[in-house]
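Chemist: this one's sequence-less:
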């Protein structure tokens, strides 16, 4: 069973640029969630995708967008990068069931640095 | 609105001592609660989860947590700390719709020899 993988592991961008982060979900999972973890803080929910549709969004501006593909892999796109976007971006996959309590399986993250 | 508060951003214990990491939550619906651990340069790993089946939940690596509704708490304990337990621990609340996890600020556990 393959776990959640993310690419790239590290990325350096300059302010104003755009970035795309990628995530491959665990085999058998149909849901992908993205989180932003600033240094020294807990992860913050960005959004979730279920069957290629956005299924919930946290308090992030529209310049944060995403996609989920038919194979359930996902992309996180961030436009007009700001210095405060520097963080560890975590992807998590899960198998959606009715209600909550579903375990989310996390990838190792992509470390984004914005200069 | 829901929230999670972890008391103590850093906790230091001696090897073999009791580990107690505190978590309080606020939720307008019956919560699902988790504890995740994050080792350096690794992804978050589930330690245990509460889903209303039992108030005392046992997890991996000897950890357990007790859900106390009256105190809105979900503290994590381990009877005897091991050096390998040194990591960042997060208390996490599920919004009961399965689509959003709310994380506490984290507690860094340090284990002294």
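Modeler: Received it, and whenever you're ready, just let me know what you need. Just so you know, these numbers come straight off a predicted model, no measurement behind them.
Chemist: which parts of chain B sit against chain A?
Modeler: Residues of chain B lying close to chain A by Cβ under 8 Å from any Cβ of the partner chain are B:4, B:32, B:34, B:36, B:41-46, B:49, B:51, B:90, B:94-106. The way it works is simple: take the backbone N, C-alpha and C, and place the C-beta from them, glycine included.
Chemist: 7 Å instead, please
Modeler: B:32, B:42-44, B:46, B:49, B:51, B:90, B:94-101, B:103-106 (Cβ under 7 Å from any Cβ of the partner chain).
Chemist: In strands, which of those fall?
Modeler: B:32, B:44, B:46, B:49, B:90, B:94, B:101, B:103 (DSSP state E).
Chemist: what about the fifth one, how many neighbours?
Modeler: Which is residue B:90. 24 (other Cβ atoms under 10 Å in any protein chain shown).
Chemist: got a list of what the closest residue to residue B:29 other than its chain neighbours touches?
Modeler: Among residues not flanking residue B:29 along the chain, residue B:96 sits closest, at 4.6 Å (Cβ to Cβ, 6 or more residues apart in numbering or on different chains). Shown in contact with residue B:96 (Cβ atoms under 7 Å, 6 or more residues apart in numbering or on different chains): A:99-100, B:29-32.
Chemist: change it to 10 Å
Modeler: Residues counted as contacts of residue B:96 (Cβ atoms under 10 Å, 6 or more residues apart in numbering or on different chains) are A:99-101, B:2, B:27-32.
Chemist: which residues of chain A fall in strands?
Modeler: So, for chain A - with DSSP E - the strands run A:5-7, A:10-13, A:19-24, A:31-37, A:44-50, A:53-57, A:64-68, A:74-78, A:87-94, A:105-106, A:110-114.
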